[in-house]
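A.B. asks: Take a look and give me a structure for this.
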Amino acid sequence: MSDVDVGRLYRYNRERVTALVRPVPQEQLLAACPACPGWSVHDVVAHLTGVASDAISGKLGGVPSPEQTAAQVDERRGTPTTVVLREWERSASQFELVLSKAGPSLLPAAIDVAVHEHDIRGALDLPGAHESDTISIAVARMLDRWLPTLRSRGLAPVTIVTPAGANIVGDPTSAVRWTATEFDIFRTAFGRRSAGQFARAFTGADPEPYLDALLVFGITPIDLVD
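C.D. replies: Down below sits the predicted model:
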């Protein structure tokens, strides 16, 4: 994973979001984005643009605070999405160079764009694109963290199998099983699946401590399908 070009990965994800959003009428982009409570699709784009802009202007020292994130959205709320997309492209041309030089330490920036791509897809009822290098890399990182965490918490080993029965990770004879695709793992880890959705796919043990160990962000209270 040390050879990942994070700037290239970020650009690939940014261009996917741009291609997804640009043809959509502005009124649809003002519709609510269920995966991001309180935000519209436009607001999600504004946030992504704000991260890139703040990074190159020296305002971003790490993960944006809730206040900084709110400011990113508020500053662009009255600006047409097409204009915000052009700002993102300008800022990203510099930000992507920084990401390429920094390497894997800034991989979360590229992953964040992929997470929000599927938030937008869900809001616009445009599901798809469930496979990508970013998703595979993010899931590998997640599982590398999750499985040792389960052991350290004294939880029974888990195996993850696809709906077709193929083993993704873990001992396939384990009594604790999560039936999921790579995309399901990705969305669940970033809080885009409800506790109920996780529980319905999980057998052999209480799902709550396993989910708690997996989550990167807070979990959605509603079922999301994207």
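A.B. asks: any weak-confidence spans in this structure?
C.D. replies: For the chain, applying pLDDT under 70 flags the ranges 1-2, 62.
A.B. asks: Outline the domain layout of it.
C.D. replies: Listed by automatic domain parsing, the domain ranges of the chain are 6-124, 133-214.
A.B. asks: What's the biggest helix in this protein, counting residues?
C.D. replies: Assignment by DSSP state H gives helix 81-102 as the longest helix of the chain.
A.B. asks: In a helix, W178, correct?
C.D. replies: No: counting by DSSP: H, G, I helix; E, B strand; the rest coil, W178 is located in no helix; its state is strand.
A.B. asks: burial measure for the residue lying closest to G128 once chain neighbours are set aside, as a count.
C.D. replies: Take G128 and drop its neighbours on the chain: the residue closest to it by C-beta to C-beta, 6 or more residues apart in numbering is R121, 6.8 Å away. Backbone N, C-alpha and C define where each C-beta goes, glycine included. Neighbours of R121 under the rule other C-beta atoms under 10 Å: 20.
A.B. asks: Check the contact between R121 and D226; I expect there is one.
C.D. replies: Yes: counting by C-beta atoms under 8 Å, R121 touches D226, with 5.3 Å between them.
A.B. asks: all helices for the protein, in order.
C.D. replies: Along the chain, the stretches classed as helices by DSSP H are 6-21, 26-29, 41-56, 66-75, 81-102, 107-124, 133-152, 182-189, 195-200, 207-214.
A.B. asks: Between the ones you listed, which one is closest to A175.
C.D. replies: Nearest of these to A175, taken as C-beta to C-beta: helix 207-214 at 12.9 Å.
A.B. asks: helices or strands up against the closest one?
C.D. replies: The contact analysis (3 or more C-beta pairs under 8 Å, 6 or more residues apart in numbering; DSSP states H and E) places helix 207-214 against helix 133-152, helix 182-189, helix 195-200.
A.B. asks: most tightly surrounded among these?
C.D. replies: helix 182-189 (a mean of 22; mean count of other C-beta atoms under 10 Å).
A.B. asks: and the residue sitting furthest away from the middle of the chain, how far is that from T203?
C.D. replies: Note on the chain: the largest C-alpha distance from the chain mean falls to T173, namely 30.5 Å (C-alpha atoms, centre = their mean). Distance from T173 to T203, counting by C-beta to C-beta, to the nearest Å: 14 Å.
A.B. asks: Much appreciated, bye for now.
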